[in-house]
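[1] no sequence on this one, just coordinates:
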Ligand SMILES: *Cc1c(COP(=O)(O)O)cnc(C)c1O
């Protein structure tokens, strides 16, 4: 037996302040009490996402909101552009294909962002693209993309820009309104420190216009219906009431800490993690690292053994590589409720694991490099 701790890029650690909300006696959702809670949650999300657009909260995992965005904002056979740089951005492609859309992909090597230039060229060759689906932080590789530049390109071509912000909300600089992002999708179990089961999307006026004239058939994820209910702080179907109450509490905590402080803390945790693993002689996969997660290359296909040993011996649950990266990387999640001492504890257990598995031959440099980053204010 050992103490268990989550250091995965979703689900992430849930603060006790949030957990205790989940344990409250259940309330009914067709009540003023629930409507007030829903409203406060939405206002918190608008604050965090820097938007005045409606934020629709759906009872589904993040992928549900991705699918809702795709089905409500496109019509049968529409041509759309998808940036593919890893497992999660690939999901946009799979969803678009599931609805029979004509999908143009612009790809990058896993570990790199999709070059904005390549997106520009693809849009020039395909002027009839109606929407660009992109990913802010690609969680499978730990890469950050310049969605601001992509939004500009999309708008210059009269296309909507739809952003998977599931791991970037509450972690990266994200200016929904200033950058003109038509849809930003978020999840519960990442930066907002809530168990999985909720997703949300901020929808711009242009996106709402498309939603009103939706052509695809849809039922549960009918966003026109969700927008109608939203006017009275209702939801069309039974919402995940305890999760909504929990996530509202998470937003209260985040507002108390302050947005700039949260972003700075994530930047520092990510910088310190990179410094630690580099000092151990390991390589960070991402050429442009996001703040949410650090993907670390482990040679000789030993990544899964590292992950398993770390959780068995020390109780620290990190993530492995997905698809073509399976066995080759581990991913250390640090989005949400993680502070300096948490990261140092993780690094100590990580070093100790690598030492036991004879991947490194000295103890200490990881923690030391990390502490140096935290000291250098
Ligand atoms: C976690 C994640 C998803 C999927 O979210 P689910 O809640 O598991 O459906 C999608 N995109 C990114 C970038 C993610 O990190």
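    Happy to help now that I have it. What you see is a predicted model; the values in this text were computed from it and never measured.
[2] For residue 133, pull up the helix or strand it's in.
    For residue 133, the host element (DSSP states H and E) is strand 131-135.
[3] now for that strand, which elements pack on it?
    On a contact count with 3 or more C-beta pairs under 8 Å, 6 or more residues apart in numbering; DSSP states H and E, strand 131-135 meets strand 79-84, helix 87-98, helix 147-156, strand 160-164. Backbone N, C-alpha and C define where each C-beta goes, glycine included.
[4] Partner strands of it and their direction?
    In its sheet, strand 131-135 lies beside strand 79-84 (parallel), strand 160-164 (parallel), with partners assigned from DSSP bridges.
[5] could you give me the average pLDDT of that strand?
    Averaged across strand 131-135, the pLDDT comes to 98.
[6] check contacts around the residue most central in space within the chain.
    Nearest to the geometric centre of the chain sits residue 167, at 1.5 Å (C-alpha atoms, centre = their mean). Contacts for residue 167 (C-beta atoms under 8 Å, 6 or more residues apart in numbering) come out as 9-10, 136-137, 139, 187, 190-191, 290, 292-293, 335.
[7] Pick the one among those residues closest to residue 56.
    residue 187 (13.4 Å; C-beta to C-beta).
[8] Stretch 230-245 close to the ligand?
    No. Between stretch 230-245 and the ligand, judged by C-beta under 6 Å from any ligand atom, nothing touches; the nearest distance is 12.1 Å.
[9] Flag every buried residue along that stretch.
    For stretch 230-245, the neighbour count (16 or more other C-beta atoms under 10 Å) marks 230, 233, 235-236, 239-245 as buried.
[10] Please compute how far it lies from its chain's middle.
    The chain centre lies 22 Å from the centre of stretch 230-245; the measure is C-alpha atoms, centre = their mean, to the nearest Å.
[11] Need the mean per-residue confidence for that stretch.
    98.
[12] Next, the distance between the ends of it.
    The first and final residues of stretch 230-245 sit 17 Å from each other (C-alpha to C-alpha, to the nearest Å).
[13] Run through the helices of the stretch 151-300 of the chain in chain order.
    Ranges of helices within the stretch 151-300 of the chain are 205-212, 223-230, 241-257, 259-279, based on DSSP state H, counting those that start in this stretch.
[14] Tell me the spacing between the nearest residue to residue 175 once chain neighbours are set aside and residue 253.
    Nearest non-adjacent residue to residue 175, counting by C-beta to C-beta, 6 or more residues apart in numbering: residue 50, 5.0 Å away. Distance of residue 50 to residue 253, computed by C-beta to C-beta, to the nearest Å: 18 Å.
[15] Tell me who's in contact with the residue in the stretch 101-250 of the chain that the ligand sits nearest to.
    In the stretch 101-250 of the chain, the residue found nearest to the ligand is residue 139; the distance is 3.3 Å by C-beta to the nearest ligand atom. Counting by C-beta under 8 Å, 6+ apart, residue 139 touches 9-10, 86-88, 166-167, 292-293, 331.
[16] change it to 10 Å
    Shown in contact with residue 139 (C-beta atoms under 10 Å, 6 or more residues apart in numbering): 8-10, 86-89, 164, 166-168, 190, 290, 292-293, 295, 319, 322, 331, 333, 335.
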